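Peer 1: Could you look at this predicted model? Sequence included:
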Amino acid sequence: MLGTTLGNYAGINSVQLNPSAMLGSKQWLDIQLVGADISLQNNYLYLSKREFVFWDIFKAGFILPSHDEEYGTEVRNFYRYDNANRKNFLINLRINGPGAMVIWKDHAFGFQTAMRSVSTIRKMPIDLANFIYLGLNYKPQQNINYQTDKRISMAQMSWFEMGLSYAYKIYSRGFNRLDAGLSVRKLFGLTGLYVVVDHLDYMVLDDSTMQINNLDAAYGFSLPVDYNSNGAGSSTDPLIAGGGWGFDLGVTYTRLKRTHQKQYIDRLCEQQYEDYLYRIGLALIDIGGIRFKDRAQTYAIDNRSSYWENVTHLDFETINHMMDTISYKFYGDPDAAYRDDKFTLWLPTAFSVQFDYHYYQNWFVNASLVFPFQFSKVSVARPALLAITPRYESRWFDASIPISLYDWYQLRMGLALRFYMLTIGTEKIGPFLVGFSNFNGMDLYLSIKIPLEKGVCGKRVSKSCPAYEDYNEL
């Protein structure tokens with residue numbers, strides 16, 4: 001959400017990349033009413049740009065375009081990137097609820113709420129992706145032994161979070177200023193699921209037979225269903241299946257255009273904005289995880305083999321039936337694969353770097369890096385992002401054009417526009433333009449806020465509030 005998290009009017013949204021960035025805001029008060037973001041991306045399936053554009057889904061009677069595959073009889077909607085690159089998938093949903101930020105001299109305080117859901121698949125081999133999408137009847141891959149020792153991970157987590165943020169000017173002298181910030185969020189887990197495969201050696205013999213020579217994997221889940229009936233969970237089951245904490249830590253160095261002056265004010269609105277030449281921010285974001293205890297089950301297959309006949313005819317009546325069958329196939333015992341009734345699923349942790357350069361008057365250029373890393377293999381993943389974002393900003397209007405390298409392989413261009421309270425943006429504009437690019441993902445976000453700018457107190461107060469330039473003359 002670069003159009004809402006970067007810039008001098010980002011306000012409370014800036015804490016998503018760096019909690020210390022609040023102090024650089026041109027607003028003394030920023031009230032978040034609502035915000036939303038949806039991001040979909042993968043490097044395996046796509047809809048052709050000749051057959052589909054995003055706006056088609058709003059047409060009456062719309063159906064997805066389809067085509068016949070070379071193998072098999074089923075009609076498919078998507079084409080495949082049939083190359084050796086490992087396949088990655090992301091579905092990221094975020095709804096920002098009420099939140100606010102207020103600045104008082106050297107301090108900034110923030111409050112935010114959000115509902116988040118992240119689903120990821122990382123480093124899936126092309127052979128496995130083909131069998132999952134096309135089925136075991138994909139003959140070009142039959143009777144070939146496939147092996148991988150590179151970790152394959154799949155995870156999904158949905159949660160609600162409430163957080164407090166605080167930032168402080170820890171150093172301000174001359175043209176230099178250093179701010180530090182911290183966010184602490186309470187996490188309420190709704191759903192969690194993970195599969196981690198560390199080693200896989202298998203062969204598909206025909207359209208219904210599979211030989212697994214070796215499998216080293218762990219998996220678990222906590223879902224709002226009855227595992228014995230596949231129906232909805234009991235009314236007595238808690239909505240919140242687990243809890244945890246999330247943390248963000250950040251610092252921002254600012255090179256000011258004028259020497260820092262201590263402000264003597266009586267009211268919050270009298271605060272003056274300090275212009276700058278450039279800023280450099282460093283942060284660790286989404287540190288933490290959720291411990292799922294309700295409806296939680298975990299399993300492991302420890303370097304076992306199995307022979308599966310009539311795979312396509314298996315009919316699992318319930319989730320527990322499927323878990324028992326998998327355990328029996330590998331261990332000869334329906335309970336042997338079971339491990340525990342709780343697990344921790346970690347947040348999509350990342351290292352965030354921001355460089356913001358004030359080019360001229362209302363024109364700025366930002367360079368940002370989001371570099372993911374994991375504290376545990378049981379984690380939802382975040383793709384890497386490297387972005388250059390030129391922008392024009394003013395009190396009533398912002399426009400930015402982020403040019404980003406997504407996950408080190410896809411170059412994307414976006415557009416974000418802010419009209420005072422409302423921001424609408426995308427980091428991938430291609431799917432919204434006819435014939436511009438194949439549809440293998442999309443990104444769309446918005447934010448509605450009430451911003452109150454520093455130094456704007458109304459006519460009566462403005463006459464008694466000296467401007468920032470006047471302080472330099474005292």
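Peer 2: In hand now; what should we look at?

Peer 1: what are the pairing partners of whichever strand in the chain runs longest, and which direction each?
Peer 2: Longest among the strand segments of the chain by residue count, using DSSP state E, is strand 176-206. When sheet partners are counted by DSSP bridges, strand 176-206 sits next to strand 146-148 (antiparallel), strand 152-173 (antiparallel), strand 209-222 (antiparallel), strand 242-256 (antiparallel).

Peer 1: after the helix or strand hosting Ser352 comes which helix or strand?
Peer 2: Using DSSP states H and E, Ser352 sits in strand 350-360. Downstream of strand 350-360, the next assigned helix or strand under DSSP H and E is strand 363-372.

Peer 1: quick one: the following helix or strand past that next one to strand 363-372, angle?
Peer 2: Per DSSP H and E, the first helix or strand lying C-terminal to strand 363-372 is strand 385-393. Interaxial angle of strand 385-393 relative to strand 363-372 (axes from the mean of the first three to the mean of the last three C-alpha atoms, to 10 degrees): 160 degrees.

Peer 1: neighbouring contacts of the helix or strand following strand 385-393?
Peer 2: Past strand 385-393, further along toward the C-terminus, the next helix or strand under DSSP H and E is strand 397-400. Residues outside strand 397-400 that contact it (C-beta atoms under 8 Å, 6 or more residues apart in numbering): 2-3, 6-7, 9, 389-393, 415-420, 423, 425. (Glycine included, C-beta is placed from N, CA and C.)

Peer 1: swap in stretch 244-253?
Peer 2: 15, 18-21, 23-24, 161, 163, 165, 176-187, 189, 279-291, 344, 347, 352, 354.

Peer 1: which of the residues you listed are buried?
Peer 2: 15, 18-21, 23-24, 161, 163, 165, 177, 179-183, 185, 187, 189, 279, 281, 283-291, 344, 347, 352, 354 (16 or more other C-beta atoms under 10 Å).

Peer 1: my guess is Ala300 meets Ala337, correct?
Peer 2: Yes: if you go by C-beta atoms under 8 Å, Ala300 and Ala337 touch, sitting 6.3 Å apart.

Peer 1: between those two, who's got more neighbours?
Peer 2: Ala337 (23 against 18; other C-beta atoms under 10 Å).

Peer 1: now Pro238: how far from Trp346?
Peer 2: 22 Å (C-beta to C-beta, to the nearest Å).

Peer 1: and the two? which has more neighbours close in?
Peer 2: Neighbours per residue (other C-beta under 10 Å) separate Pro238 from Trp346, with Trp346 holding more: 23 against 11.

Peer 1: Tell me the confidence at the more buried one?
Peer 2: If you check Trp346, the pLDDT there is 97.

Peer 1: How about Asn88?
Peer 2: 96.

Peer 1: Could you report the neighbour count for it?
Peer 2: 18.

Peer 1: does it belong to a helix or a strand, and which?
Peer 2: strand 87-96.

Peer 1: Which strands border that strand, and is each parallel or antiparallel?
Peer 2: Per DSSP bridges, strand 87-96 is paired in its sheet with strand 27-42 (antiparallel), strand 107-124 (antiparallel).

Peer 1: Reformat these as JSON lines; add distance to Gly97 and mean neighbour count.
Peer 2: What follows is the strands paired with strand 87-96, written out as JSON lines (distance: least, C-beta to C-beta, whole Å; neighbours: other C-beta atoms under 10 Å):
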{"stretch": "strand 27-42", "distance to Gly97": "7", "mean neighbour count": "20"}
{"stretch": "strand 107-124", "distance to Gly97": "4", "mean neighbour count": "19"}
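
Peer 1: Out of those, which is closest to Phe364?
Peer 2: strand 27-42 (16.2 Å; C-beta to C-beta).

Peer 1: Dump the closest one to CSV, restricted to CA.
Peer 2: What follows is strand 27-42, C-alpha atoms only, in CSV (Å, rounded to 0.1, in the frame of the first residue of the first chain):
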residue,chain,number,x,y,z
GLN,A,27,-0.6,16.4,10.2
TRP,A,28,-0.8,16.8,13.9
LEU,A,29,-3.9,14.6,14.0
ASP,A,30,-4.8,11.8,11.5
ILE,A,31,-8.0,9.8,12.0
GLN,A,32,-8.3,6.5,10.0
LEU,A,33,-12.0,5.7,9.3
VAL,A,34,-11.5,2.7,7.1
GLY,A,35,-8.9,1.2,4.7
ALA,A,36,-8.7,-2.0,2.6
ASP,A,37,-6.2,-3.8,0.5
ILE,A,38,-6.4,-6.9,-1.7
SER,A,39,-3.3,-8.4,-3.4
LEU,A,40,-3.2,-11.5,-5.5
GLN,A,41,0.0,-12.7,-7.3
ASN,A,42,1.5,-15.9,-8.6
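
Peer 1: Contacts for whichever helix or strand comes after it, please.
Peer 2: Note on strand 27-42: by DSSP H and E, the next helix or strand toward the C-terminus is strand 45-46. Contact with strand 45-46 is made by 78-81, 133, 438-440, as judged by C-beta under 8 Å, 6+ apart.

Peer 1: How far does strand 45-46 sit from its chain's centre?
Peer 2: Taking C-alpha atoms, centre = their mean, to the nearest Å, one finds strand 45-46 lying 20 Å from the centre of the chain it belongs to.

Peer 1: likewise stretch 404-419?
Peer 2: Distance, centroid of stretch 404-419 to centroid of chain: 14 Å (C-alpha atoms, centre = their mean).

Peer 1: Pull out the buried positions in that stretch.
Peer 2: Quick answer for stretch 404-419 (16+ other C-beta under 10 Å): 404, 406-407, 412, 414-416, 418.

Peer 1: cool, stretch 437-453 as well?
Peer 2: Under 16+ other C-beta under 10 Å, the buried positions of stretch 437-453 are 437-447, 449, 451, 453.

Peer 1: How far off centre is it?
Peer 2: 13 Å.

Peer 1: Same question for stretch 261-277.
Peer 2: Using C-alpha atoms, centre = their mean, the offset of stretch 261-277 from its chain centre is 34 Å.

Peer 1: same question, stretch 28-37
Peer 2: 18 Å.

Peer 1: what comes into contact with that stretch?
Peer 2: Residues contacting stretch 28-37 (C-beta under 8 Å, 6+ apart): 1, 4, 11-13, 92-104, 112, 268-269, 271, 443-454.

Peer 1: Which of the buried residues of stretch 437-453 fall in strands?
Peer 2: Those of the buried residues of stretch 437-453 lying in strands (DSSP E): 441-447, 449, 451, 453.

Peer 1: Out of the residues you listed, which comes closest to Asp56?
Peer 2: Met442 (12.6 Å).

Peer 1: Give me the distance between that closest one and Leu47.
Peer 2: For Met442, the distance to Leu47 - C-beta to C-beta - is 11 Å.

Peer 1: Return the backbone torsion pair for the residue nearest to Ile319 when sequence neighbours are not counted.
Peer 2: Here the nearest residue to Ile319 in space, its sequence neighbours aside, is Tyr227; by C-beta to C-beta, 6 or more residues apart in numbering that works out to 4.3 Å. Per-residue torsions, Tyr227: phi -70, psi -10 (degrees, to the nearest 10).
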